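S.K.: Task: produce atomic coordinates for the following.
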Amino acid sequence: MDEPLIRPEIVDHYGRYEEADRLTRDFGALELIRTQEILQRVLPSPPGCVVDVGGGPGVYATWLAGLGYEVHLVDPVRRHIDQAIERATAAGISLASARCGAAARIELDDNSADAVMLMGPLYHLPESEERLAALTEARRLLRPGGVVAVAAITRFASVLDALDGGFIDDAGFMDIVGGDLSDGRHINPTENPNYFTTAYFHLPTELAAELEAAGFGAVDVVAVEGVGWIARDFADRLGDPDSRAVLLEVIRRVENEPSLLGMSPHLLGLGVAP
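M.R.: Residues are numbered from 1 along each chain as shown. This next block holds a predicted model:
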């Protein structure tokens, strides 16, 4: 029997939770806007080769291919690969490849990519050696000077979720929060997909240290949603172009502030291959 590409409970979670729609609504929409904004700052101009590792149902892969990049999508969940191919086909866009694979074993040549994105793998690898293996594999793929962009969930994300989502009075969820805060390991023993699945939640300093340990230079850690999600009129503001522009400018102004990084549900770690 083949070795599983990812933990079975994670595959089960994505079989029940519709990841394809997550970035189109609520705070996910802000995550998408900000991630695209940050990526456009750091990626080389198209055409260039981008490997989207753990790219799920292809939201970023399709967007980047539409901009003119050669995009290779890798994800451990077969359902996500099928959805990504359907998404690209519907948009009239071609992905260079889309295949199932693990973040630590990518079937592409050394020094073949201008950029590698890990938009999910790091927070689904609870063990530090697993995360280091995924980052080292990304470095193998990159040409000298190539860019890595790594998404992470902040250590305090479940605390923020408990307060904003009303889970603070749910004893079961607060038990999960306790585990997150103690060592970053997010374990969901319930059947509730809203409580996520097996994951690791980073401290901002840990994310930077892991990138450096994998050999990347010019490491930077940027808040994705930042403090923007706490705006009282969040939904209305995001839907209005002028108000959204003001919100995004506020987020940008503090996106690197160390004392506020933990307030952002997601972080983006950036580095350059030697």
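S.K.: The lengthiest helix in the chain packs against which elements?
M.R.: Looking across the chain with DSSP state H, the single longest helix is helix 26-42. Applying 3 or more C-beta pairs under 8 Å, 6 or more residues apart in numbering; DSSP states H and E, one finds that helix 26-42 contacts helix 59-66, strand 142-153, helix 234-239, helix 241-253, strand 266-272. Heads up, the C-betas are built off the backbone N, CA and C, glycines and all.
S.K.: can you tell me which of these the model trusts least?
M.R.: Among the helices and strands packed on helix 26-42, helix 234-239 carries the lowest mean pLDDT, a mean of 90.
S.K.: what comes up buried for it?
M.R.: 234, 237-238 (16 or more other C-beta atoms under 10 Å).
S.K.: Give me the contact list for that helix.
M.R.: Contacts to helix 234-239, defined as C-beta atoms under 8 Å, 6 or more residues apart in numbering, come from residues 26-27, 29-30, 228, 231, 243-244, 246-247.
S.K.: Separate out the buried members of those.
M.R.: 27, 29-30, 228, 231, 244, 247.
S.K.: can you tell me which of the residues you listed lies nearest to Leu125?
M.R.: Compare each of the buried ones among the contacts of helix 234-239 with Leu125 using C-beta to C-beta and the shortest gap goes to Phe27, at 23.3 Å.
S.K.: so how far is Asn111 from that closest one?
M.R.: 37 Å (C-beta to C-beta, to the nearest Å).
S.K.: ok, now which ones touch the nearest residue to Ile168 once chain neighbours are set aside?
M.R.: Excluding its sequence neighbours, the residue lying closest to Ile168 (C-beta to C-beta, 6 or more residues apart in numbering) is Ala162, at 4.5 Å. Contacts for Ala162 (C-beta under 8 Å, 6+ apart) come out as 168, 170, 173-174, 177.
S.K.: From the opening residue of stretch 16-29 to its closing one, how far?
M.R.: 21 Å (C-alpha to C-alpha, to the nearest Å).
S.K.: which residues are contacting it?
M.R.: Under C-beta under 8 Å, 6+ apart, the answer for stretch 16-29 is 31-32, 56-57, 59, 80, 83, 87, 193, 225, 229, 234-235, 238, 265.
S.K.: Repeat that for stretch 199-215.
M.R.: Contacts of stretch 199-215 (C-beta under 8 Å, 6+ apart): 122-126, 128, 131-132, 135-136, 138-139, 148, 150, 152-158, 180, 184-186, 219-221, 258, 261-262, 267, 269-271, 273-274.
S.K.: Report how far apart the opening and closing residues of that stretch are.
M.R.: End to end - C-alpha to C-alpha - stretch 199-215 spans 24 Å.
S.K.: buried set for that stretch?
M.R.: For stretch 199-215, by 16+ other C-beta under 10 Å, it's 199-204, 206-208, 210-211, 214.
S.K.: Val177 against Val159, yeah?
M.R.: Yes. Contact between Val177 and Val159 holds when scored by C-beta atoms under 8 Å: they sit 5.9 Å apart.
S.K.: Nice, that's everything, thank you.
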